[in-house]
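1. Need a 3D model of the sequence below.
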Amino acid sequence: MTTHSVKDIAVALGAEAFGATDISIERAAEPAMAGPDDLALAMNPKYAETLAQGAARVAMLWQGADWQAMGLDAAIIAPRPRYAMSGLTKMLDAGQGFDAGIHPTAFVDPDAELGEGVSVGPLAVISKGAKIGAGSVIGPQCFIGWNVTLGAGAYLREAVSIGARVSIGKNFIAQPGARIGGDGFSFVTAEPSSVESVRKTLGDQGEAKAQEWTRIHSLGAVSIGDDVEIGMGSTIDCGTIRDTVIGDGTKLDNQVHLGHNVVIGRNSLICGQVGIAGSATIGDNVVLAGQCGVNDNIFVGDGVIAGGGTKLMSNVPAGRTMLGYPATQMDKQVEGYKALRRLPRLMRDVAELKNAVFKRAPDQ
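-> Presented below is the predicted three-dimensional model:
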């Protein structure tokens, strides 16, 4: 097991170290469960209250913390402890144990191009014309399709599939079961469908008529920028004519679905179970919390934040904070929710006033 001294950890994180900085650290742990070789993550006073329940000698603390009063032998003080965790977890991550080189059960087409130091796991398939960047890891049972381009430093966990012609930049991460490059959900009827009629009128469709759906093939692919991460079980459809696009630095959580022709800008966070319908455009630095839904053919401007379960039905200007179904600005949604909770009391008050008025009426 690799260990790091308190001093080395502090230097790597740009933090300050105090006390016995030569102590070796094996793991990070929550304060109550920390052992003598662990770094306890007590990054605010609330967490520090449980230090005495464990056996930690060293803790990562907040600025101004009195580490000696806590009975510690050493401490790491970070100006932004949660940000420091990103570097700490990278140092201590043991990985998945994937071996270097190409596993004998993997299939790599002779016309595929693998950069220096690429690792290919058991039962993985790399198809004709694929180009895999240097230092990439292709985990067990992954599938890389025809003419896929995958940039340097990619890290694909087990059972990831990437369809034909998909283009991905450097430092890409895909969690287990991510699916990229399936055909879009595009179907059409020979005559105007009942769905088209309802979209125009927003009313009942009238007499329903049987119609067959004809498939529209996906001629586009998926284009993904640098430093993108895709969560477990997420699915990204190809574009119909042009590519579906994800910009640099954007992160998708688990079970996210992107429909055909969706465009997402840079450094956006798309949280678990979000669904974005076809041809929607999402700006830069957008945050869509869990189970948000985005209607087709709308845009969501830069910097928009949508709370959990929000359904965006129409265009959202840049910088808005949205909540609810249908989505409205968060402060208005909260105000309306509070009013709704007061409604039963208001109805009782109105009933009492009616009773009072009707009782007094005959005497007037």
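
2. count of neighbours near the closest residue to Gly239 other than its chain neighbours?
-> Nearest non-adjacent residue to Gly239, counting by C-beta to C-beta, 6 or more residues apart in numbering: Gly220, 2.9 Å away. (Glycine included, C-beta is placed from N, CA and C.) For Gly220, the count of nearby residues is 19 (other C-beta atoms under 10 Å).

3. Gly220 contacts Thr240, doesn't it?
-> Yes: counting by C-beta atoms under 8 Å, Thr240 is a contact partner of Gly220 at 6.0 Å.

4. Find residues that contact each of those two.
-> Residues within reach of Gly220 and of Thr240 at once, by C-beta atoms under 8 Å, 6 or more residues apart in numbering, are His260, Asn261.

5. So what's the residue count around Leu123?
-> Neighbours of Leu123 (other C-beta under 10 Å): 15.

6. Can you report how many residues lie near the spatially closest residue to Pro140 that is not a sequence neighbour?
-> Distance criterion C-beta to C-beta, 6+ apart; nearest residue to Pro140, sequence neighbours excluded, is Gly121 at 3.9 Å. Using other C-beta under 10 Å, Gly121 has 22 neighbouring residues.

7. And Gly121, how close does it get to Ser136?
-> 11 Å (C-beta to C-beta, to the nearest Å).

8. now Asp183
-> 26 Å.

9. between these two, who's got more neighbours?
-> For Asp183 and Ser136, the more surrounded residue by other C-beta under 10 Å is Ser136, and the numbers stand at 24 against 15.

10. which residues touch the closest residue to the more buried one other than its chain neighbours?
-> Of all residues not flanking Ser136 in the chain, Ala154 sits nearest, at 4.0 Å (C-beta to C-beta, 6+ apart). By C-beta under 8 Å, 6+ apart, the contact set of Ala154 is Ile132, Gly133, Ser136, Val137, Ile138, Ile168, Lys170, Asn171, Phe172, Ile173, Ala174.

11. State the pLDDT value of Ala154.
-> Here, the pLDDT recorded for Ala154 equals 98.

12. Quick check: it vs Asp227, distance?
-> 11 Å.

13. go on, Thr328?
-> In terms of C-beta to C-beta, Thr328 sits 33 Å off from Asp227.

14. ok so, going back, which residues are in contact with each of Ala154 and Asp227?
-> With C-beta under 8 Å, 6+ apart, Ala154 and Asp227 have common neighbours Lys170, Asn171, Phe172.

15. Helices of the chain, residue ranges please.
-> Using DSSP state H, the helices assigned to the chain run over residues 6-13, 45-48, 81-92, 194-201, 330-360.

16. quick one, which of those is nearest to Trp67?
-> Checking those against Trp67 by C-beta to C-beta gives helix 45-48 as the closest, at 9.4 Å.

17. by contact count, what packs against that closest one?
-> On a contact count with 3 or more C-beta pairs under 8 Å, 6 or more residues apart in numbering; DSSP states H and E, helix 45-48 meets no helix or strand.

18. Contacts for that helix next, please.
-> In contact with helix 45-48 (C-beta under 8 Å, 6+ apart) are residues Glu30, Pro31, Leu41, Ala42, Ala59, Leu61, Trp62, Ala65, Met70.

19. per-residue confidence for the fourth one?
-> According to the predicted model, the pLDDT of Ala42 comes to 93.

20. burial count for it?
-> There are 28 residues near Ala42, going by other C-beta under 10 Å.

21. What of the fifth one?
-> The number of residues packed near Ala59 is 27, by other C-beta under 10 Å.

22. Check what pLDDT it gets.
-> Reported pLDDT for Ala59: 96.

23. Bridged to the closest residue to it other than its chain neighbours, which residues?
-> In space, and not counting its chain neighbours, Ala59 is closest to Ala40: 4.0 Å by C-beta to C-beta, 6+ apart. Per DSSP bridges, the residues bridged to Ala40 are Ala29, Ala59.

24. does Ala40 really touch Ala56, like I thought?
-> Yes: counting by C-beta under 8 Å, Ala56 is a contact partner of Ala40 at 3.7 Å.
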